[in-house]
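*Asks:* Below: sequence and its predicted model.
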Amino acid sequence: MKTKFVLFGFLAIMAGMIGFAIFFQEAFIDLMKHPALSGHARFLHITAVTLFFANAVVGILWEKLSLASGSKEVILHTYNTVAFLDSRFSSPLIILSLLGGLSLSFRMGELWQIGWLSVSFLLFLLSGIFWIATDIPTQYRIKKLISSLKPEDQTIPDELTRLLKLRLWISIVGVVPLVIVFILMVYKPEITPVADWLR
C-alpha cells in the first residue's frame, strides 16, 4: 500500500511540473535557463538517465531469471524488490532526468525545433504514457493476487504467472523507446524535428 502511495505521489509531482510548465511557461523557462543551473543540470541529467535506464534493464533481466526459476519464493521476492525500486528509485530518477533535460534543452533553443531532442522527448513521453496505462493496472492486479496467496501454497497460480510475464513484456516494450532516446542523446543525429512532421 505504501508503494502505491509513493508512486502516485511521484506521478502527482510530475503532473504538477507539467501543469506549471504549461500555465506558467515563461517563469518555468526562466527557471530552467538560470545560469547557475547549467553544470548541475548536465550532471543531474546524465546521472539520473543512466541510473534509470540501468535500473530498468537490470529489473527486466532479474524478473526474467526469477520466472525461469519457477520458485515461488524467488519470484515473489524479485517482484516485491523490483516494485519497491520502481516506486522509490525509478520515479524520482524520472523527475530528476526530466528537470535536468528540460534545463539543458531550453539553453539549446526551441525544443520541438531540434530534431534529435524533439524526437527524444516525444519517445520519453510515449514510454511514460505506455507504462502508466499498462504497468500500473497490471501491478494492481498482481498485488491483489499476491495478497490472496496462502503461506502453504507451493506454487504460484497460473493467472499470477501470466500477469508477471505480461509485466515483463510491458517493461521490455517500455524500455525500447528509452534505448533510442539514449542513442539520440549521445549521437545527436540530424533528423527532422517533430514540429516539422505535419508541414
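*Replies:* Looks like it arrived, so ask away.

*Asks:* Could you use CA atoms for every contact and neighbour count after this?
*Replies:* OK.

*Asks:* what about Ala41, neighbour count?
*Replies:* The local packing of Ala41 (other C-alpha atoms under 10 Å) involves 22 other residues.

*Asks:* what about the residue nearest to it when sequence neighbours are not counted, neighbour count?
*Replies:* Nearest in space to Ala41, with sequence neighbours left out and distances taken as C-alpha to C-alpha, 6 or more residues apart in numbering, is Gly100 at 4.4 Å. A count of nearby residues for Gly100, using other C-alpha under 10 Å, gives 25.

*Asks:* Ok, Leu125 next?
*Replies:* Neighbour tally, Leu125, other C-alpha under 10 Å: 14.

*Asks:* what's the answer for Leu111, then?
*Replies:* Residues lying near Leu111 (other C-alpha under 10 Å) number 20.

*Asks:* Point me to the helix or strand that includes Phe124.
*Replies:* Using DSSP states H and E, Phe124 sits in helix 115-147.

*Asks:* re the thing from before, you'd agree the residue nearest to Ala41 is up against Leu44?
*Replies:* Yes - here Gly100 reaches Leu44: they are 5.8 Å apart, a contact under C-alpha atoms under 8 Å.

*Asks:* Leu99 versus Phe106, what's the distance?
*Replies:* Phe106 sits 11 Å away from Leu99, going by C-alpha to C-alpha, to the nearest Å.

*Asks:* So between these two, which is more surrounded?
*Replies:* Higher neighbour count among Phe106 and Leu99: Leu99, with 19 against 15, using other C-alpha under 10 Å.
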